[in-house]
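Colleague: Dropping a prediction and its sequence here:
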Amino acid sequence: MLRFIIRRLIITIPTILVVITITWGLIRLAPGNFYTGDKALPEAIEQNIREKYGLDKPWHEQYLRTMGHILRLDFGTSLKYEGKSVNEIIARSLPVSATVGILAYLLALIVGITVGSIAALKQNSKWDYASMTLAMLGISIPNFVLGPILVLFFSLTLYWLPPSRWDGFPSKSVILPVITLSAAYMAYIARLTRAGMLEVLRSDYIRTARSKGLSETQVLVRHALRGGLLPVVSYTGPALAFLLTGTVVVERLFVLPGLGNYFIQASLNRDEPLILGIVAFISMTLLSMNLLVDIAYGFLDPRIRH
Amino acid sequence: MNDERPPTPHQPEKPEPAFTPSGTPPAPLVRTREGDIIHLGPELAVGEADVRAERGEFVTGTSLSKDAWRRLLKNRLAVFGLIMVATITLASVTGPFLIKELTGLTPDYIPTDIAALKSLPPFTAPDGSFSWLHPMGTDNQGRDLLARVLQGGQISLMVGIIATIMSLIIGVSYGAVAGYLGGRPDSVMMRLVDVLYSVPYIIIVIVLLSMFRGQTARGQLILLFVALGSVSWLTMARIVRGQVLSLKNQEFVLAARATGVSTPRIIFRHLVPNTIGPVIVYATLTIPTIMLTEAFLSFLGFGVQPPIASWGSLTTDGIQNIAIFPWQLICPGVTMGLTLFSLNFLGDGLRDALDPQMRKF
């Protein structure tokens, strides 16, 4: 186990470096600069700006300096939000994204596992077909179509929920973003649970559990779910990446001051420190979560010991 | 590698079994005459086809593709998906021309009549009466939404298909080469895939698309193909590698090598065609994923740029006017959702039909 963790860490760190390097390379290779606008700047001013941001130095020196800062988790100061440090922006926007993301994931887990298990237990029933068709619908409808339709219905017709604002958690403003974000996950988790449960319910150890006289509920909860949910556990990794793109959309739709919104804004503004900071932060979070998932997987499934 | 599945050889020509309708059957264990009832122990039980073969009633063999096709047609949801995909594709390709022929409207036609210069609800004429002219209504400038949705479909489907073909070319070559070479090259190549797998690629795509904004709408579209195609080949590479690993030690490869066929030729002429089943399945499931990503990027403003429109950009335009003109969102949104839904069902059905062992759901 320890060897496995160390081996995974050994590839995780280069991966983060690769991601940051690619991002940095893309920003630098693109034509133009963050200060180039519609009007050409006088040469002296341009010279000053280049000196101030170290752009006059050779590229490898700039690269090493940037990497050094990032590795020390000091992401620098935003170019567009003057005087705001990137760390400050991340610290302020992360809670918003995390709240929406975690709530959406929990909701998806609860609904998805319930629906998926029931569909598996009543395989080929009407309920099974209906829930799986609904799940496919959830996967196929983009969240930026679902979100506005929910807004149209719950905010603009029934006037129950605010269409777009953020009052923090807990408040009514959380409901629509969370539902919009979790719909696709719910669908995926329901499908994965159904598949996993179907496989497990046919296995020998379930037959053993039944034949030694356990009640159906006990068989289900203590034996079947543990094995049947493994695909859901291994989906957590991709789900996190997915959550990321999802939150970007949901934050744009509902105008939430989250990480995704800042990232899009930074990309449009060519705000290099902010882009790199958010990319570095997201990759680090994502990869460490993936590592945790893999470790958890080993504990849950005794057949897989690394 | 935890993704190695049991070998699923997809050979068009399987070695002939002992009992074949076409070959001469070996001496049967039990002599039978017409009308005899056969009682055999379970270990001697022969299939109906074998009995018939002995009796001289030859059964026509079923090829793998025919068998798969039959299984696909049995799956009602997959057939629904197939019909919907075919209909929507046909409508997107021919629709704009047909509408132009029938009504004279093009996707970019802005009416000159001031009364029509507003967004009309579906099936409504400018004076509020019922009309067949705009089955999906019109947008803010009075352009026919049906024509725009169909033309947007051309772009969305094109992005999905071209990017999938790109990912196919990269993924199949990469996976086949890694699988065939094996050993150190294989582990280096697959380790790279592992590393790339955990990269949050959508972020890099956003940075790429925002930094290198296409100078023209066409340039942006090409950039989109490249960006989406170059990030979606990883799973394909893994699938093909697994297939090649299970195929490369079989006799036909040995025979090819013995007759002096070059390595690239073995990989691309002998091994790759045999991986076609899972590749088709995965490609069918990649198309909706890529279309969804394109729509997502268009929503964020990094996707296709006007005057080119896709389902994603039409939906995004619709979101701005959701409160007053909901059909501007619902028409392209539902069309896109229906297409993705059908493609997903078709892909699932194909997987069950072509490769029952890969069946997951």
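Modeller: Looks like it came in fine. Just so it is clear, the structure is predicted and the values come from calculations on it, not from any experiment.
Colleague: Now the residue nearest to residue A:85 when sequence neighbours are not counted: phi and psi?
Modeller: Nearest residue to residue A:85, sequence neighbours excluded (Cβ to Cβ, 6 or more residues apart in numbering or on different chains): residue A:77, at 5.3 Å. All C-beta atoms are positioned from the backbone trio N, CA, C, and that covers glycine. Backbone torsions of residue A:77, given as degrees, to the nearest 10, read phi -110, psi 140.
Colleague: Verify the contact between residue A:77 and residue A:87 for me.
Modeller: No. Contact criterion Cβ atoms under 8 Å: residue A:77 and residue A:87 do not qualify, at 9.5 Å.
Colleague: residues in contact with the residue nearest to residue A:85?
Modeller: Residues near residue A:77 by Cβ atoms under 8 Å, 6 or more residues apart in numbering or on different chains: A:83, A:84, A:85, A:86, A:273.
Colleague: at 10 Å what do you get?
Modeller: By Cβ atoms under 10 Å, 6 or more residues apart in numbering or on different chains, the contact set of residue A:77 is A:83, A:84, A:85, A:86, A:87, A:88, A:89, A:271, A:273, A:274, A:277.
Colleague: Check the gap between it and residue A:109 for me.
Modeller: To residue A:109, residue A:77 is 39 Å away according to Cβ to Cβ, to the nearest Å.
Colleague: low-scoring stretches of the stretch 251-361 of chain B, by residue?
Modeller: B:355-361 (pLDDT under 70).
Colleague: where are the low-confidence patches of chain A?
Modeller: A:32, A:35-39, A:168, A:238, A:241-242, A:244-245, A:301-306.
Colleague: Report the secondary structure state of the residue in it sticking out farthest from the centre.
Modeller: No residue in chain A sits farther from the centre than residue A:44, which is 44.0 Å out by Cα atoms, centre = their mean. Under the three-state scheme (DSSP: H, G, I helix; E, B strand; the rest coil), residue A:44 adopts helix.
Colleague: now do residue B:134
Modeller: Classification of residue B:134 using three-state DSSP returns coil.
Colleague: so how far is chain A from it?
Modeller: 21 Å (Cβ to the nearest Cβ, to the nearest Å).
Colleague: Around that residue, count how many other residues there are.
Modeller: For residue B:134, the tally of surrounding residues (other Cβ atoms under 10 Å in any protein chain shown) stands at 26.
Colleague: Need the nearest residue in space to it, chain neighbours excluded.
Modeller: Excluding its sequence neighbours, the residue lying closest to residue B:134 (Cβ to Cβ, 6+ apart) is residue B:144, at 5.4 Å.
Colleague: how close does the one you found sit to residue A:213?
Modeller: 69 Å.
Colleague: So these two - more neighbours on which side?
Modeller: residue B:144 (25 against 8).
Colleague: so the more buried one bridges to which residues?
Modeller: Note on residue B:144: beta-bridge partners residue B:138, judged by DSSP bridges.
Colleague: mind checking pLDDT for it?
Modeller: pLDDT for residue B:144: 75.
Colleague: ditto for residue B:169
Modeller: Taking residue B:169 on its own, its pLDDT is 90.
Colleague: got it, and residue B:165?
Modeller: For residue B:165, the model assigns a pLDDT of 90.
Colleague: How about it: what's its closest non-neighbour residue?
Modeller: Leaving out its chain neighbours, the residue that sits closest to residue B:165 by Cβ to Cβ, 6+ apart is residue B:229, at 7.6 Å.
Colleague: Test my guess that that neighbour contacts residue B:168.
Modeller: Yes. Shown here, residue B:229 and residue B:168 form a contact pair, counting by Cβ atoms under 10 Å, at 8.8 Å.
Colleague: measure the residue nearest to residue A:54 when sequence neighbours are not counted to chain B for me?
Modeller: Closest residue to residue A:54 apart from its sequence neighbours, by Cβ to Cβ, 6+ apart: residue A:62 at 5.8 Å. To chain B, residue A:62 is 17 Å away according to Cβ to the nearest Cβ.
Colleague: Residue A:62 sits in which helix or strand?
Modeller: Assigned by DSSP states H and E, residue A:62 falls within helix A:59-71.
Colleague: and the helix or strand following that helix, what other elements does it pack with?
Modeller: Note on helix A:59-71: by DSSP H and E, the next helix or strand toward the C-terminus is helix A:86-121. Helix A:86-121 sits against helix A:126-140, helix A:175-201, helix A:225-228, helix A:230-253, helix A:259-269, helix A:272-300, with contacts defined as 3 or more Cβ pairs under 10 Å, 6 or more residues apart in numbering or on different chains; DSSP states H and E.
Colleague: Now do helix A:86-121 against helix A:230-253: the angle between them, please.
Modeller: Between helix A:86-121 and helix A:230-253, the angle comes out at 130 degrees (axes from the mean of the first three to the mean of the last three Cα atoms, to 10 degrees).
Colleague: quick one: buried residues of the helix holding residue A:62?
Modeller: By 16 or more other Cβ atoms under 10 Å in any protein chain shown, the buried positions in helix A:59-71 come out as A:62, A:63, A:66, A:67, A:69, A:70.
Colleague: Stretch A:113-124 too?
Modeller: The neighbour-count check on stretch A:113-124 (16+ other Cβ under 10 Å) flags A:113, A:115, A:116, A:117, A:118, A:119, A:120, A:121 as buried.
Colleague: again with stretch B:135-146
Modeller: Here stretch B:135-146 shows B:136, B:137, B:138, B:139, B:142, B:143, B:144, B:145, B:146 as buried, counting by 16+ other Cβ under 10 Å.
Colleague: for stretch B:268-278, how far is the first residue from the last?
Modeller: 16 Å (Cα to Cα, to the nearest Å).
Colleague: typo on my end, stretch B:138-149
Modeller: One end of stretch B:138-149 sits 11 Å from the other (Cα to Cα).
Colleague: Tell me which residues touch residue 186, please.
Modeller: Since you didn't name a chain, this refers to chain A. Counted by Cβ under 10 Å, 6+ apart, residue A:186 has contacts A:104-105, A:107-116, A:134-135, A:138-139, A:179.
Colleague: actually chain B
Modeller: B:1, B:175, B:177, B:178, B:179, B:180, B:241, B:244, B:245.
Colleague: rerun at 8 Å
Modeller: Neighbour list for residue B:186: B:178, B:179, B:241 [criterion: Cβ under 8 Å, 6+ apart].
Colleague: name the element it belongs to?
Modeller: Going by DSSP H and E, residue B:186 is in helix B:183-197.
Colleague: quick revisit: can you say which of the contacts of residue A:186 are buried?
Modeller: By 16+ other Cβ under 10 Å, those give A:104-105, A:107-109, A:111-113, A:115-116, A:135, A:138-139, A:179 as buried.
Colleague: which one of those sits closest to chain B?
Modeller: Set against chain B, the nearest of the buried ones among the contacts of residue A:186 by Cβ to the nearest Cβ is residue A:139 (6.3 Å).
Colleague: The nearest residue to that closest one once chain neighbours are set aside and chain B: what is the separation?
Modeller: Computed as Cβ to Cβ, 6+ apart, the closest residue to residue A:139 that is not its neighbour in sequence is residue A:187, at 4.7 Å. Look at residue A:187 and chain B: by Cβ to the nearest Cβ, they are 10 Å apart.
Colleague: so residue A:187 makes contact with residue A:133?
Modeller: No. Judged on Cβ under 8 Å, residue A:187 makes no contact with residue A:133 at a distance of 10.4 Å.
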